[in-house]
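Asks: test case, fold it:
(one chain, ligands or ions: 2)
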Amino acid sequence: MHSPLPLFDTDALRTLETRGTAYLDGDAFALMARAGQAGWRSVLKHWPQAQRIAVACGPGNNGGDGYVLARHAQDSGRSVQVLRLQPPATPLAQRACDEYLAAGGQVAELADALRHADLIIDALFGIGLSRAPDAGTAMLIEAINAHPAPLLALDVPSGIDAVRGSATGAAIVADRTLQFIARHRGLRTGIAIDHAGELELATLELPATLFDGIEAAALAYRHDALHGFFPLRPRDSHKGRNGHVLCVGGDAGSGGAVLLAADAALHCGAGLVSVATRMGHVPALLARRPEAMAHAVDHAEQLAPLLERVDAIAIGPGLGQGEWGRMLFDAVLACDKPRVFDADALNLLARSSRRLNECDVLTPHPGEAGRLLGIATAEVQRDRFAASQALVERYGAQVVLKGAGSIVASPGAPPAVICAGNPGMAVGGMGDLLTGCIAAVLAQGFAPRDAAIAGALLHASAGDAAARVDGERGLLPSDLLPWLRRLANPMRR
Ligand SMILES: NC(=O)C1=CN([C@@H]2O[C@H](COP(=O)(O)OP(=O)(O)OC[C@H]3O[C@@H](n4cnc5c(N)ncnc54)[C@H](O)[C@@H]3O)[C@@H](O)[C@H]2O)[C@H](O)CC1
Ligand SMILES: [K+]
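Replies: Ligands and ions are numbered 1, 2, ... in the order given. Below you'll find the model as predicted:
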């Protein structure tokens with residue numbers, strides 16, 4: 001897959017800050033000056049018409065970046081007001097503030113600064129946020145968020161944890177976030193996506209060699225990573241050589257889910273798809289997907305020959321947790337083929353606490369992840385990276401933690417963040433499609449981690465493509481099918 005974007009944590013940023021300062025002959029203020037100037041260039045590029053700029057400056061060096069930007073804006077002849085709850089608390093921020101005031105800059109009360117602003121700069125906190133904003137700061141953040149002017153956040157939208165992507169209290173909702181030196185891991189998953197807005201990176205003209213020896217804390221995959229992932233098929237290909245997927249599920253009354261998984265597997269290029277389900281769903285399946293082979297399964301012995309024949313198994317969509325579902329779950333647990341566990345199969349797994357292996361894939365949403373870990377959903381969302389890694393440790397499988405910015409965690413590799421998808425996909429059936437997508441890529445012989453990433457990327461990118469045509473609201477799982485097929489084919493040469 002195309003090389004993903006490396007994302008970094010705060011420790012890495014601190015190391016880069018030290019190396020950057022050394023690169024500038026020990027002049028730390030030069031680094032801050034570059035950051036503030038990069039912020040000003042972003043203003044000129046995206047809001048050149050802004051004439052009345054309010055800059056909210058915190059006490060630390062993020063605030064220092066804000067004072068530098070404010071001085072540039074002041075020098076350009078624009079009306080600038082700095083608003084702040086505390087004076088600068090670091091020597092660099094103090095120097096930036098002094099230079100701003102010396103250039104005639106104004107510090108104003110909140111109401112005055114915001115009254116006529118047509119652009120707001122958030123320089124309250126960056127990577128130094130260490131606790132929930134206090135009441136006064138929270139009120140300031142809420143007042144800024146309620147203001148109609150566009151908002152540029154410097155480095156991190158204040159109140160957001162740049163590594164976890166969560167917030168412990170009030171947090172800025174920015175239209176754009178300009179990150180300094182390196183991309184923050186936390187801004188591409190969970191609630192941070194809505195708080196960061198458009199993401200931009202200012203390298204501060206530092207050499208790439210500064211990154212030598214620094215490990216990425218995560219890898220960001222976008223839809224272009226799929227280009228060239230699926231090879232062209234040999235002309236003499238035949239269906240038996242393109243992967244056989246078995247979809248297991250569909251208890252009485254819930255046949256639709258397992259049919260969606262089968263649909264997705266076919267559209268992602270599986271050569272053969274079989275479905276093991278209740279007798280009652282067989283006619284509907286055959287009517288909708290004659291390409292799939294339907295098997296009515298009421299006893300484990302009926303499943304055994306199927307498990308033998310296929311290359312990958314997707315179990316869970318509509319499986320239920322009754323006797324029938326448990327019987328199928330136990331039979332699949334006993335087989336050694338690559339498996340995707342979703343929905344009720346995850347709930348049954350949580351009760352069995354069986355360990356799996358590296359060729360298996362779990363696809364929990366945050367609630368299912370909580371049940372698998374025995375923690376609250378809120379706890380999962382507070383640190384999606386930690387939760388998905390904990391699942392890897394506990395079950396020994398690949399884990400796709402679904403939600404905004406799905407995370408693919410694997411044994412012995414940095415987490416992958418799926419930078420695609422949209423809220424229109426928060427509807428029933430989308431998870432069933434994902435199960436089929438991943439099983440199809442597994443069945444075509446790709447390594448489990450690649451299959452989990454590619455399957456999740458196919459799914460999310462198809463959701464974005466379908467939403468671009470007719471919007472996010474009312475998006476249906478079936479709308480994704482043609483896009484899965486387009487994305488699963490090599491770019492036409
Ligand atoms: N990383 C780089 O290469 C560069 C970083 N720059 C900017 O510096 C900030 C980080 O600055 P730092 O002083 O470490 O912290 P912050 O300014 O983010 O804020 C911490 C500051 O605020 C206090 N604080 C923390 N949490 C709270 C809270 N909840 N309520 C009130 N006060 C709080 C804390 O005590 C500190 O005083 C980085 O993000 C960049 O913007 C360079 O300027 C450019 C290169
Ligand atoms: K900020």
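Asks: tell me the contacts of whatever residue of the stretch 301-450 of the chain ends up closest to ligand 1?
Replies: Ranking the residues of the stretch 301-450 of the chain by distance to ligand 1 (Cβ to the nearest ligand atom) places residue 382 first, at 16.0 Å. Bear in mind the C-beta positions are built from the backbone N, C-alpha and C, glycine included. Shown in contact with residue 382 (Cβ atoms under 8 Å, 6 or more residues apart in numbering): 164, 166.
Asks: tell me the residues of the stretch 301-450 of the chain that contact ligand 2?
Replies: Within the stretch 301-450 of the chain, not a single residue sits near ligand 2 (Cβ under 5 Å from the ion).
Asks: how far away is the residue of the stretch 301-450 of the chain found nearest ligand 2 from residue 72?
Replies: Going by Cβ to the ion, ligand 2 is nearest to residue 405 of the stretch 301-450 of the chain, at 19.7 Å. Per Cβ to Cβ, to the nearest Å, residue 405 is found 33 Å from residue 72.
Asks: quick one, helices of the stretch 151-300 of the chain?
Replies: 192-196, 255-267, 282-288, 300-309 (DSSP state H, counting those that start in this stretch).
Asks: got the domain boundaries for this protein?
Replies: 5-216, 224-487 (automatic domain parsing).
Asks: how far is the shortest one from where the chain is centred?
Replies: Relative to the centre of its chain, domain 5-216 is centred 23 Å away, using Cα atoms, centre = their mean, to the nearest Å.
Asks: same question for stretch 281-300.
Replies: On Cα atoms, centre = their mean, the centre of stretch 281-300 falls 35 Å from that of its chain.
Asks: got the contact list for it?
Replies: With Cβ under 8 Å, 6+ apart, stretch 281-300 has contacts from 248, 250, 255, 258-259, 262-263, 266, 272-279, 302-303, 306, 324, 327-328, 330-331.
Asks: CA-only coordinates of it in PDB, if you can.
Replies: Extracted as PDB, the C-alpha positions of stretch 281-300 are listed here (Å, rounded to 0.1, in the frame of the first residue of the first chain):
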ATOM      1  CA  HIS A 281     -33.300 -16.700   4.500                       C
ATOM      2  CA  VAL A 282     -32.100 -19.000   1.700                       C
ATOM      3  CA  PRO A 283     -34.800 -17.900  -0.900                       C
ATOM      4  CA  ALA A 284     -34.200 -14.200  -0.200                       C
ATOM      5  CA  LEU A 285     -30.400 -14.700  -0.600                       C
ATOM      6  CA  LEU A 286     -30.800 -16.600  -3.900                       C
ATOM      7  CA  ALA A 287     -33.200 -14.100  -5.200                       C
ATOM      8  CA  ARG A 288     -30.800 -11.200  -4.400                       C
ATOM      9  CA  ARG A 289     -27.400 -12.800  -5.000                       C
ATOM     10  CA  PRO A 290     -27.600 -15.900  -7.200                       C
ATOM     11  CA  GLU A 291     -23.800 -15.700  -7.300                       C
ATOM     12  CA  ALA A 292     -23.600 -16.600  -3.700                       C
ATOM     13  CA  MET A 293     -24.200 -20.100  -2.500                       C
ATOM     14  CA  ALA A 294     -26.700 -20.400   0.300                       C
ATOM     15  CA  HIS A 295     -26.500 -23.200   2.900                       C
ATOM     16  CA  ALA A 296     -29.200 -23.800   5.500                       C
ATOM     17  CA  VAL A 297     -27.300 -24.800   8.600                       C
ATOM     18  CA  ASP A 298     -29.000 -26.100  11.700                       C
ATOM     19  CA  HIS A 299     -26.200 -28.300  13.100                       C
ATOM     20  CA  ALA A 300     -22.400 -27.900  13.500                       C
END
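Asks: show me what counts as buried in it.
Replies: For stretch 281-300, a neighbour-count test (16 or more other Cβ atoms under 10 Å) marks 281, 282, 285, 289, 292, 293, 294, 295, 297 as buried.
Asks: cool, stretch 476-485 as well?
Replies: 477, 479, 480, 481, 483, 484.
Asks: isn't the first one up against residue 429?
Replies: Yes - assessed by Cβ atoms under 8 Å, residue 477 is found in contact with residue 429 at 3.8 Å.
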